[in-house]
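Student: my questions are about this predicted structure, shown below with the sequence.
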Amino acid sequence: MLLTFQSFTNNPYVYDPRSNEIFRVDEHVFEELTTAGGNISEIRDEKVRQGFRDAGVSDEVLPLEDHDLFKKEIDAMQIGMRKLIIGLAHTCNLRCKYCIYSGNYADERSHEGKQMTEETADRLIDVFYVKRGDDYPKMCIFYGGEPFTNFPILKRIVEKITALRDDVGFSATTNGLMLKNEEILDFIKSYDFVINISFDGPSQEAMRIDQNGRGTFNDLMGLIEHIAEKYPDFYREKVGFNVTVTPASDLHETVEFFNTNPLFSGKTLNVIRHYDPDNVFCRKYDLMDHEKTLRDEFDKLRREYPAVFKEHRPFHDGCYLSPLARLDQRPMGDVTRLPLNSCCYPGLNAVFVDIDGTCSPCERTEHIKLGSIYDDEPVNLKTAEELVKKYQEIAGRHCPRCWAARLCAKCFSHVRRGTVTEENFVANCDDFRESFRKSMELFTTIKEIDENAFADVKVITELPVKEKQKA
């Protein structure tokens, strides 16, 4: 099935999922294909049907690649183990109202006082940086809870890895507040960490509260100013921000704050639209009406982006620049098989190790247990294979007839954080398709203004690793 859509200027377009191409068409062709529901075989006008055939555009249903082909392609890339993601702590110094560990969400743990021990940390280093030879993770990423609540173990891991390997990069996602400890701040600066600080702007005061229920906006703003003043190069090059927008956010206030404050000039924010498939958060805080309003406000923001995209406003770019650049740099050309969405091969190129040594594909799939660092092998390849085959079996019943299959960002983490069932797989498919359609409307509108837009934007698929130092 093909997709018909229009740019903001009402110019008609067709997206061909088989070739990944976007075509500008005339009104008659657009109307015929739209009436036919995107199916060329159902177009009434024979000349239009023949025109698509002559152009090599087909609505033939393609099969999804199977496990063996998927595994073969991953192996051929020779990527090796790239990322080790470490869950240092289930402890946190904040009690953010929308947090998945807040106790409001079914099948998720709540805040608890558990942290990784020295024994587990040392075992982890032995497994991934001693016994693996040259195929060791080149990026080591720390998560929590709040990872810096377990700073002694983080420090131990970094120092031991650095003593063994000189080309490993480090990163952490943090709420930032523990960086007020100068020892921690100086440490991450000295080891050239990439730091992603979760900061929501003005709504921080109401949503991201401490254990005593106190807002944290002023504390974090003061800390951000301190980091930028003490280590300006580090702040400019290594510090990024994750901005979560919830129905409790005042979007206009949030946009104005990030776009006008000099501290965020030149920053491309990672704007995260709070996603709660069960509306637990909205129901708990009586925000259902706000959720509907927020959707309309985001659509207004999207429609104003073509007029301001050359200004590189931080919040606007955070919402739209990366997905539009990915769309601009998408691979094109006919294929004989559809990809397995955006899935990695579990445990092959990246692995998440939680506080007790349990291994999962990534930090967003804690429900999937691949093994343990205390087993003979930290990743059970049979378990990983069974997971891929189960996912592929479900996807094979849905993706081949979906026009968004070649664009789809779905992976194990989007299936209710790794609980792979048919119900969970399809739960957010409509939202994915709607997001891609809106992106293409925006993309073609901007391309009508500047055909070279996004050509100079680098799409970052993973954190850069250090160059190995020569002896």
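Tutor: Right, received. Where do you want to start? Residues are numbered from 1 along each chain as shown.
Student: C-alpha from now on. contacts and neighbour counts both.
Tutor: Fine.
Student: wait, what's in contact with Asp334?
Tutor: By C-alpha atoms under 8 Å, 6 or more residues apart in numbering, the residues touching Asp334 are 18-20.
Student: contacts for the helix or strand where Asn424 lies next, please.
Tutor: Following DSSP states H and E, the helix or strand that holds Asn424 is helix 422-426. Identification of contacts with helix 422-426 by C-alpha under 8 Å, 6+ apart yields 394-395, 414-416.
Student: any chance of those in CSV, with secondary structure and distance to Leu338 too?
Tutor: Listed next are the contacts of helix 422-426 as CSV, based on DSSP: H, G, I helix; E, B strand; the rest coil; distance: C-alpha to C-alpha, whole Å:
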residue, secondary structure, distance to Leu338
Ile394, helix, 14
Ala395, helix, 10
His414, helix, 19
Val415, coil, 19
Arg416, helix, 23
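Student: which of those has the weakest pLDDT?
Tutor: Ranked by pLDDT, those bottom out at Arg416, which scores 77.
Student: what's the neighbour count on that one?
Tutor: Applying other C-alpha atoms under 10 Å, we find 19 residues neighbouring Arg416.
Student: against Cys282, how distant is it?
Tutor: Distance of Arg416 to Cys282, computed by C-alpha to C-alpha, to the nearest Å: 18 Å.
Student: same question, Val426
Tutor: 22 Å.
Student: the two - which one has more neighbours?
Tutor: Set Val426 next to Cys282 and count neighbours by other C-alpha under 10 Å: Cys282 wins out with 18 against 15.
Student: which other residues reach the helix or strand encompassing that one?
Tutor: Taking DSSP H and E as the criterion, Cys282 maps to helix 280-284. With contacts defined as C-alpha under 8 Å, 6+ apart, helix 280-284 is touched by 97-98, 104-105, 247, 287-288, 291.
Student: show me what the very next helix or strand once past it is packed against.
Tutor: Sequence order places helix 288-308 as the next helix or strand after helix 280-284, per DSSP H and E. Contacts defined by 3 or more C-alpha pairs under 8 Å, 6 or more residues apart in numbering; DSSP states H and E place helix 288-308 against helix 314-328, helix 429-449.
Student: mind listing what's buried along the last one?
Tutor: By neighbour count, with 16 or more other C-alpha atoms under 10 Å as the criterion, the buried positions of helix 429-449 are 429, 433, 436-446.
Student: save the residues you listed as a markdown table, and put in distance to Arg82 too.
Tutor: Listed next are the buried residues of helix 429-449 as a markdown table, based on distance: C-alpha to C-alpha, whole Å:
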| residue | distance to Arg82 |
| --- | --- |
| Cys429 | 29 |
| Arg433 | 30 |
| Phe436 | 29 |
| Arg437 | 32 |
| Lys438 | 33 |
| Ser439 | 30 |
| Met440 | 32 |
| Glu441 | 35 |
| Leu442 | 34 |
| Phe443 | 32 |
| Thr444 | 35 |
| Thr445 | 37 |
| Ile446 | 35 |
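Student: Asp456: how many residues sit nearby?
Tutor: Using other C-alpha under 10 Å: Asp456 sits among 8 other residues.
Student: that one falls within a helix, correct?
Tutor: No - using DSSP: H, G, I helix; E, B strand; the rest coil, the assignment for Asp456 is coil, not a helix.
Student: and the gap between it and Ser439?
Tutor: In this view, Asp456 and Ser439 are 19 Å apart by C-alpha to C-alpha.
Student: also Ala404?
Tutor: From Ala404 to Ser439 the distance is 12 Å (C-alpha to C-alpha).
Student: render the CA-only coordinates of stretch 16-30 in CSV, please.
Tutor: Below are the C-alpha coordinates for stretch 16-30, written out as CSV (Å, rounded to 0.1, in the frame of the first residue of the first chain):
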residue,chain,number,x,y,z
ASP,A,16,6.3,4.4,-2.2
PRO,A,17,7.4,2.1,0.7
ARG,A,18,9.0,-0.4,-1.6
SER,A,19,11.6,2.1,-2.9
ASN,A,20,11.4,4.5,0.0
GLU,A,21,10.9,7.3,-2.5
ILE,A,22,8.6,10.3,-2.3
PHE,A,23,7.0,11.5,-5.5
ARG,A,24,5.3,14.8,-6.4
VAL,A,25,2.2,13.9,-8.5
ASP,A,26,-0.6,15.7,-10.2
GLU,A,27,-4.1,16.2,-8.6
HIS,A,28,-5.8,13.5,-10.7
VAL,A,29,-3.2,10.8,-9.8
PHE,A,30,-3.4,11.8,-6.2
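Student: in that stretch, what counts as buried?
Tutor: Those would be 16-20, 22, 24, 29-30, for stretch 16-30 by 16+ other C-alpha under 10 Å.
Student: returning to what we had before: closest to Asp317 out of the contacts of helix 280-284?
Tutor: Relative to Asp317, the closest of these is Pro247; by C-alpha to C-alpha it sits at 20.5 Å.
Student: residues contacting the closest one?
Tutor: Counting by C-alpha under 8 Å, 6+ apart, Pro247 makes contact with 274, 282, 287-288, 290-291, 294.
Student: mind doing that once more with 6 Å?
Tutor: 290-291 (C-alpha atoms under 6 Å, 6 or more residues apart in numbering).
Student: for it, which three-state class applies?
Tutor: Three-state assignment for Pro247 (three-state DSSP): coil.
Student: mean confidence for the helix or strand where Glu32 lies?
Tutor: Per DSSP H and E, Glu32 falls inside helix 27-35. For helix 27-35, mean pLDDT rounds to 96.
Student: other SSEs contacting it?
Tutor: On a contact count with 3 or more C-alpha pairs under 6 Å, 6 or more residues apart in numbering; DSSP states H and E, helix 27-35 meets no helix or strand.
Student: where does the stretch 201-350 of the chain have low pLDDT?
Tutor: Scanning the stretch 201-350 of the chain for pLDDT under 70 picks out the ranges 275, 277.
Student: excluding chain neighbours, what is closest to Arg401?
Tutor: Distances taken as C-alpha to C-alpha, 6 or more residues apart in numbering put Val61 closest to Arg401, at 6.2 Å, once the chain neighbours are dropped.
Student: repeat that for Met178.
Tutor: Nearest non-adjacent residue to Met178 (C-alpha to C-alpha, 6+ apart): Phe148, at 6.5 Å.
Student: do you know how far the one you found is from Lys189?
Tutor: Phe148 is 14 Å from Lys189, where distance means C-alpha to C-alpha.
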